[in-house]
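*Asks:* just the structure for this:
(one chain, ligands or ions: 1)
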Amino acid sequence: MTKCGYVSVVGRPNAGKSSLLNWLVGEKLAMVSHKANATRKRSNIIVMHEDDQIIFVDTPGLHETEKLLNQFMLDEALKAMGDCDLILFLAPVTDKLTHYEDFLQKNKKNTNHILLLTKIDNITNDEVLAKMKEYEKYSDKYQAVIPVSIKKATTHADILDEVVKHLPEHPYLYDPEIMTTETLRDIFKEFIRESIFENISDEIPYETDVVVEKVEEKDHIDVIKATIVVQKSTQKGMIIGKGATAIKRIGKDARVKIEKLTGKKCYLELFVSIRKNWTKDKKGLKDLGYDVTL
Ligand SMILES: Nc1nc2c(ncn2[C@@H]2O[C@H](COP(=O)(O)OP(=O)(O)OP(=O)(O)O)[C@@H](O)[C@H]2O)c(=O)[nH]1
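*Replies:* Model (predicted):
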């Protein structure tokens with residue numbers, strides 16, 4: 001009998017969740033940013049490991065906050081934790097244990113979890129061992145602890161072997177050929193958002209969203225029209241930039257990512273529109289597809 005189940009990938013902002021998933025699936029599907037809190041919604045990434053199927057759920061970072069959009073993000077992560085067969089908790093190896101202790105508090109259903117110590121390329125082997133020793137006082141809480149660096153590691157078999165051990169016997173839930181339940185439209189949106197995070201500084205990316213209005217898939221080219229939504233007119237000016245330089249850079253970077261994924265040319269047309277204070281009220285969030293039930 002095959003094994004198959006849901007594995008929520010959880011950790012504080014910037015822990016390396018999306019990077020890990022892209023690495024495990026061998027394809028760039030999730031948005032990665034050096035800025036924290038870039039991931040806003042859950043998304044499924046499906047990895048076949050030998051005959052077993054693992055459905056990883058990428059989640060927004062665990063963080064405390066008052067903003068409505070951020071509360072939605074936290075709620076997404078908590079829901080994913082309460083609703084899976086196993087949790088992968090990612091802790092950058094240099095983190096203090098308090099983040100892990102916070103997670104233990106939030107894991108109300110005591111779902112089984114594996115502790116992944118990430119970014120171990122940043123420190124020496126001895127330091128990694130010392131950190132693993134620190135976590136040992138919680139060894140009755142986790143199923144396993146695995147140190148990992150996606151920058152250095154050459155195989156992911158050890159992580160996947162360990163994950164599969166804790167999944168139920170179950171027939172596949174998805175066609176083994178597919179890598180994600182996200183639509184291409186969702187992925188294009190995330191690529192454009194990622195390019196905004198890369199090119200625009202300060203708080204603006206956090207108050208920006210993207211609506212993909214139209215995707216026309218032709219034989220040799222995809223024609224995509226998308227609108228970048230901001231909260232106020234000064235932000236619109238920043239996104240466009242002097243002589244439209246900023247928006248051109250955003251468009252170029254997003255196009256390169258899209259073309260790499262699809263293997264086709266892409267013509268990407270970007271617009272900017274203002275929706276006043278969309279991150280702050282329920283209607284604004286709902287209109288942009290964040291199903292707030294808070
Ligand atoms: N040195 C090093 N950097 C890493 C590693 N994994 C991820 N990073 C970097 O850490 C940053 C955050 O990575 P993400 O994958 O976006 O982190 P996330 O946990 O999904 O972040 P949120 O969206 O904020 O929840 C990026 O700049 C990555 O390149 C690693 O193994 N080593």
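
*Asks:* hey, let's count contacts and neighbours off CA atoms from now on
*Replies:* Noted.

*Asks:* thought residue 1 was touching residue 170?
*Replies:* Yes: taking CA atoms under 8 Å as the definition, residue 1 is a contact partner of residue 170 at 7.0 Å.

*Asks:* the domain parsing of this protein - what is it?
*Replies:* The chain resolves into domains spanning 4-165, 184-287 when parsed by automatic domain parsing.

*Asks:* could those domains be laid out in TSV, adding mean neighbour count and distance to the ligand?
*Replies:* Listed next are these as TSV, based on neighbours: other CA atoms under 10 Å; distance: least, CA to the nearest ligand atom, whole Å:
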stretch	mean neighbour count	distance to the ligand
domain 4-165	18	3
domain 184-287	17	9
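
*Asks:* and these as TSV, adding mean pLDDT?
*Replies:* Output for those, formatted as TSV (pLDDT from 0 to 100):
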stretch	mean pLDDT
domain 4-165	92
domain 184-287	94
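
*Asks:* Throw these into TSV and include distance to residue 174, thanks.
*Replies:* As requested, the domains of the chain are exported to TSV (distance: least, CA to CA, whole Å):
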stretch	distance to residue 174
domain 4-165	8
domain 184-287	17
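
*Asks:* tell me which of those sits nearest to residue 176.
*Replies:* Nearest to residue 176 among the domains of the chain is domain 4-165; the distance by CA to CA comes to 6.7 Å.

*Asks:* neighbouring contacts of stretch 163-182?
*Replies:* With CA atoms under 8 Å, 6 or more residues apart in numbering as the test, stretch 163-182 has contacts from 1-6, 25, 29, 43-48, 52-54, 85-86, 112, 114.

*Asks:* now swap in stretch 36-50 and tell me
*Replies:* 13-14, 18, 21, 24-25, 31-32, 53-61, 73, 76-77, 80, 160-161, 176, 178-182, 194, 197, 206.

*Asks:* hmm, try it at 7 Å
*Replies:* 13-14, 25, 31, 53-61, 73, 76, 160, 176, 178-182 (CA atoms under 7 Å, 6 or more residues apart in numbering).
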